[in-house]
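Participant: sequence and computational prediction follow.
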Amino acid sequence: MSATGIGASVKRKEDIRFITGKGHYLDDINRPGQAYAYFLRSPHAHATIDRIDTAEARKSPGVVAIFAGDDIAADKVGGLICGWMIHSKDGSPMKAGAHPALAQGKVRYVGDHVAVVIADTYARARDAAEKIEVSYSELPAVIDLARAAAPAQAQLHDAAPNNTIFNWHIGDKAATDAAFASAAHVTKLDLVNNRLIPNAMEPRSAIGDYDAGTDTLTLYTTSQNPHVARLVLSAFVGLAPEHKFRVIAPDVGGGFGSKIFIYAEETVCAWASKKIDRPVKWTAERTESFLSDAHGRDHVTHAELALDAQGKITGLRAHTIANLGAYMSTFSSFVPTYAYAPLLSGQYDIPNIYCEVDAVYTNTAPVDAYRGAGRPEAAFLVERIVEIAARETGRDPAELRRINFVKAFPHQTPVLMAYDTGDFGGALDKALELADYKGASRRKAESAAKGKLRGIGISAYIEACGVAPSQAVGMLGGGVGLWESAEVRVNPIGTVEVLTGCHSHGQGNETTYAQLVSSRLGIPIENVSVVHGDTDKVQFGMGTYGSRSGAVGMSALSKALDKVEAKAKKVAGHVLEASEGDIEFKEGKFTVKGTDKSIDFGSVALNAYTAHKFNGQELEPGLKEGAFWDPTNFTFPAGVHICELEIDPETGVVTIDRWTAVDDFGKLINPMIVEGQVHGGIAQGVGQALLEGARYNEDGQLVTASYMDYCMPRADNLPSFKVETIETPCPSNPLGLKGCGEAGAIAAPPAVINAITDALGHEDVAMPATPQVVWRAAQKTATKRAAE
Amino acid sequence: MMQLGAARAAPANPQFGDFAMYAFEYHRPNTLSGALADLEKADAKALAGGMTLIPTMKQRLANPSIIIDLKSVPELSGLSREGDNLVIGAMTRHAEVARSPVVQAAIPALAALARGIGDPHVRNRGTIGGSLANDDPAADYPAAVLALGATVVSSKRRIPADDFFKGLFETALESGELITQVSFPIPAKAAYMKFANPASRYALVGVFVAKTAGGVRVAVTGAGENGVFRASALEAALNANFSASALDGVSIPANGLNSDIHADADYRAHLIGVMARRAVAAAA
């Protein structure tokens, strides 16, 4: 391993510019002559728009234009789409209502886009917006997802009777019911997977910039996948044809999924720029982020687990209601279906699984993928119910897991997934050892002596990353292929530009991709640039989400590097006057087998471009290769996290004392970056478990619309983490990578809740387990104990 | 689009700066009389640390025509021990109170309270006078002022703490009246215990306990529907026996306490007891 190659903890190349304020985030970009957009948003959760009077507002100083839903409809601008078709169990396609970029006749959540004011400054746009008079007729709001489909509720979309988008299912119901009928023990669990707000550090932002001279449209946007944005805005929304449409996603300050989707604001900025022939810029204020970024999670689930007398799990069944909010966001239908239920087998050999999912509309912000996207919901269900089953049947939770682990690979689950490799028992052993699981009872006694309740909780999660084999995606209803592209451009002096369709917005790809190139071509990482986020530079790509920029993006890069190496060998053969087959390439040097003749990579690059040493008709000049990589399977990162915490029973305050993580991400490119991803993921998972929860009141007002009420995790909520890995290389990609970006957020919530319930003597607690929630549960425990 | 020349060049970043708020005049008087004269003007608003006012203006929830910045008014500064009292000028920043050896020696509980307000930015901008005049129901200082039986000195009069706080964001201050100083009698013992709201870190419940010449006083912030209040049941128990165990079994009625998404009234009532016991145990 070289100091900067694969496996080295190289410091991130991009961090210097980020930490010295030299990054180029979207709001740092200003286009000559730009105007500013302010979005007038609905104050009501559900109302018809009877009239919009903009006469006074148009007289306001600096106003360039004001547009509302009718204007965008008159221009035949299409609505926003959901790119994944789900069919209900009766075979009918999902029932999606229209999703116009500006509301047409009706608003469906607080924050919905009613009109846009464009002015020469942002403040003047905002001043003018206050002068717009909108007459609303309020309608009853549908907020509670559990009751959204009930009779006599208000209806959000005519296309979706009973506010129901689909009733989907997966698995064999009859076989699963039979397993329950013969079970020795059945564990039942009702749970809520709390609704979260992503809170990327950089708010969403966009500049639409139309060039009338060339009739081309440029959209600068905070996107995790600029090519997907261009595809959707071109092919479905119809803003401009792809060859006349450039989308640029510069440095992006965090996405966590929320910047995958195509939003109303960027659509309107791009459209309006052409309309007024000036660039139009918008940057969200933080309140707008709370109101209108796609939220995450929000499930209500009933689950049951069947076990035989030996503790072997024989079946799992679940019924989930998933809240998709007021409109179907870009991948909203995928998250509670194929990103969720196929993971319900967890790390376990469960012969029978059946899951039903009802997706509903409510008068809340759209819900879509958020770090983990479906997999945290699955892991929370599986790891909570397995833990409870162990306690109910008097088994050690670690041992119940162990006897049910999948031990032979490949393993086909009853819910689509074919696990390729893993060592679940090995990860558990290592985690138990590192966490001093055996010493937990002693530490519990020590805490009890201080009046504190100590608990320990295990989470043995599995997830599916590396999305995804395109044929499988198509069969499951996806509207895109989920391959990735890479292009390697070798310059004449041997420096390299890598063009990738994956976007880097915190992942460190500018470093890890350079490490791979450095390893393969034997050149320093300083000589490698990674280019991404611009549809005019990178031909096409599917973007970064689902921990795919390593497993899929770097596989494409590896394939392109194979081609570069093959071509370079041909060039080297000509230069060294040897046959191509005798050329060996190692550590940046081409040598002729059995001789001392050699040439370095840079010289070969130069020869490829001078083309003096070979016949240009037989071998093309230049050294530039591209590749598309389509995965053959998902990847399956898995691991064991153990949380140990102390509860102050007087106040309900939870203090996490120890955190042990043993993850199997396959091969690692940069262990330091991997560890950072695990840290961040755990922090977000602890946030979900203890702190974060989006709350709407019954009128549909978002009560948690600022940091005064929405509680983000902070450093003092977290302990120092003990993070280790084991390694079973992924067999389905050339580098053996599985992906690490979401694991912490998937693993953490059940670990925390299992630890709390362990401390409390098994009393269930809901997430977020705030001090009040925990205190109340502790009161119940105390009452029960007193009664015993 | 292609742009020629600078005629249409946008300013560097007109999104921020003077544009977020409604327009207003800015005055910075150098004397108390100047400040008071300015305050007589229509829709004038005094600015101390601005920790509440500025965000409120940025959200366009306040629209004063004139802002009177008090930072250059000499009569509002200073911090000293005067006999059995600690006198703190209204424009004294929380950070100054926190690190002041005078405060630490006289009323260590007050220095500790100031050290726990907000974050470093807030502590270096926010002022004691601003906090009291705003009377946020979850602010920390009102608990200290009420429990210590302090006197709020204004440009017009001396107002006893028991008469100063009038409800949510309401005080005895009249229009055109400015707090100039706060005078704290030095107690025998005192401590403040705050249970912070996990999100905002304001007091979900804050209890200030003081053993004063006039008896034990206990003030509770963050919990009451009408802002800071004295907990008479706790005071009675502690006057009989100033120890944490004296509060065992003393229950606080949930009636009149706040319920919100973070804590309901029952939980707040419970926390008042817990924080009070911890404050008594910590009192120094």
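Facilitator: All right, it came through fine.

Participant: partners of the longest strand belonging to chain B, with directions?
Facilitator: Taking DSSP state E as the criterion, chain B has its longest strand at strand B:203-212. As defined by DSSP bridges, the strand partners of strand B:203-212 come to strand B:189-196 (antiparallel), strand B:215-221 (antiparallel).

Participant: averaged pLDDT, it. What do you get?
Facilitator: The pLDDT scores in strand B:203-212 average 98.

Participant: on that earlier part again, tell me the most buried of the strands paired with strand B:203-212?
Facilitator: Mean neighbour count (mean count of other Cβ atoms under 10 Å in any protein chain shown) peaks for strand B:215-221 among the strands paired with strand B:203-212, with a mean of 25. The way it works is simple: take the backbone N, C-alpha and C, and place the C-beta from them, glycine included.

Participant: after it comes which helix or strand?
Facilitator: strand B:229-230 (DSSP states H and E).

Participant: and that following strand, what does it pack against?
Facilitator: helix B:141-147, strand B:215-221 (3 or more Cβ pairs under 8 Å, 6 or more residues apart in numbering or on different chains; DSSP states H and E).

Participant: quick one, what contacts the closest residue to A:N193 other than its chain neighbours?
Facilitator: Spatial nearest neighbour of A:N193, excluding adjacent residues (Cβ to Cβ, 6 or more residues apart in numbering or on different chains): A:H299 at 4.1 Å. By Cβ atoms under 8 Å, 6 or more residues apart in numbering or on different chains, the contact set of A:H299 is A:V192, A:N193, A:T320, A:I321, A:A322, A:N323, A:P336, A:E377.

Participant: can you tell me which of the residues you listed are in strands?
Facilitator: Short answer: the contacts of A:H299 in strands (DSSP E) are A:V192, A:N193, A:T320, A:I321, A:A322, A:N323.

Participant: check the fourth one and give its pLDDT.
Facilitator: So the one you mean is A:I321. So A:I321 comes in at 98 (pLDDT).

Participant: quick check: longest helix of the chain.
Facilitator: No chain was given, so I picked chain A. Under DSSP state H, the helix in chain A containing the largest number of residues is helix A:555-576.

Participant: actually, chain B is the one I wanted.
Facilitator: As assigned by DSSP H, the longest helix anywhere in chain B is helix B:265-282.

Participant: thinking again about what came up before, the contacts of A:H299: which two are farthest apart?
Facilitator: Farthest pair in the contacts of A:H299 (Cβ to Cβ) is A:V192 and A:P336. Separation: 13.7 Å.

Participant: out of the two, which sits in the more crowded spot?
Facilitator: Of the pair A:V192 and A:P336, A:P336 is the one with more neighbours under other Cβ atoms under 10 Å in any protein chain shown, namely 30 against 16.

Participant: my read: the more buried one touches A:E377, true?
Facilitator: Yes: the pair A:P336 and A:E377 qualifies as a contact (Cβ atoms under 8 Å) at a distance of 7.2 Å.

Participant: mutual contacts of these two, please.
Facilitator: In contact with both A:P336 and A:E377: A:H299, A:T320, using Cβ under 8 Å, 6+ apart.

Participant: any idea how far B:S72 lies from B:L79?
Facilitator: Distance of B:S72 to B:L79, given as Cβ to Cβ, to the nearest Å: 17 Å.

Participant: outside of the longest helix of chain B, which residues touch it?
Facilitator: Contacts of helix B:265-282 (Cβ under 8 Å, 6+ apart): A:650-651, A:772, A:775-776, B:191-195, B:204-209, B:218, B:220, B:222-223, B:231, B:234, B:238, B:242-244, B:246-248, B:250-259, B:263.

Participant: looking at the chain, which helix or strand is least sure?
Facilitator: No chain was given, so I picked chain A. Lowest on mean pLDDT, DSSP states H and E among the helices and strands of chain A sits helix A:771-787, with a mean of 89.

Participant: hm, I was asking about chain B
Facilitator: helix B:53-58 (a mean of 93).

Participant: so what strands line up beside whichever helix or strand comes after that one?
Facilitator: Heading C-terminal from helix B:53-58, the first helix or strand you meet, by DSSP H and E, is strand B:66-69. The strands that strand B:66-69 pairs with in its sheet are strand B:25-27 (parallel), strand B:44-47 (parallel) (by DSSP bridges).

Participant: looking at these, which one is packed in the most?
Facilitator: strand B:44-47 (a mean of 20).

Participant: now that strand, how far from the chain's geometric center?
Facilitator: 17 Å (Cα atoms, centre = their mean, to the nearest Å).

Participant: I'd guessed A:T421 sits against A:F409; true?
Facilitator: Yes: if you go by Cβ under 8 Å, A:T421 and A:F409 touch, sitting 5.0 Å apart.

Participant: who's more crowded, the two?
Facilitator: Just comparing A:T421 and A:F409: by other Cβ under 10 Å the higher neighbour count belongs to A:T421, 19 against 14.

Participant: who's in contact with the more buried one?
Facilitator: Applying Cβ under 8 Å, 6+ apart to A:T421 gives the contacts A:F409, A:P410, A:F636, A:T728, A:P729, A:C730, A:P731.

Participant: pull the most distant pair out of the residues you listed.
Facilitator: A:P410 and A:P729 (14.2 Å).

Participant: for the nearest residue to B:A62 once chain neighbours are set aside, grab the count of nearby residues.
Facilitator: Distances taken as Cβ to Cβ, 6+ apart put B:T56 closest to B:A62, at 4.4 Å, once the chain neighbours are dropped. Neighbour count of B:T56, defined by other Cβ under 10 Å: 17.

Participant: one more: the one 5 residues further on?
Facilitator: B:L61 is flanked by 8 other residues according to other Cβ under 10 Å.

Participant: in this structure A:L291 contacts A:H113, no?
Facilitator: No: using Cβ under 8 Å, A:L291 makes no contact with A:H113, being 10.4 Å away.

Participant: mind listing the shared neighbours of the two?
Facilitator: A:R41.

Participant: so which of the strands paired with strand B:66-69 comes closest to A:L702?
Facilitator: Among these, strand B:44-47 sits nearest to A:L702 (Cβ to Cβ), with 28.9 Å.

Participant: separation between A:A179 and A:E304?
Facilitator: As judged by Cβ to Cβ, A:A179 and A:E304 stand 10 Å apart.

Participant: which one of the two is surrounded by more residues?
Facilitator: Here A:A179 and A:E304 are compared on neighbour count by other Cβ under 10 Å; more neighbours surround A:A179, at 24 against 18.

Participant: quick one, what contacts that one?
Facilitator: A:A306, A:T314, A:G315, A:P351, A:N352.

Participant: give me the number of residues near the last one?
Facilitator: Think A:N352. 21.

Participant: test my guess that it contacts A:I313.
Facilitator: No: taking Cβ under 8 Å as the definition, A:N352 is not a contact partner of A:I313, at 9.3 Å.

Participant: what is in contact with those two at once?
Facilitator: A:A306.

Participant: what about the chain, any weak spots by pLDDT?
Facilitator: The chain I'm using is chain A. A:1 (pLDDT under 70).

Participant: please refer instead to chain B.
Facilitator: In chain B, residues with pLDDT under 70: B:1-19.
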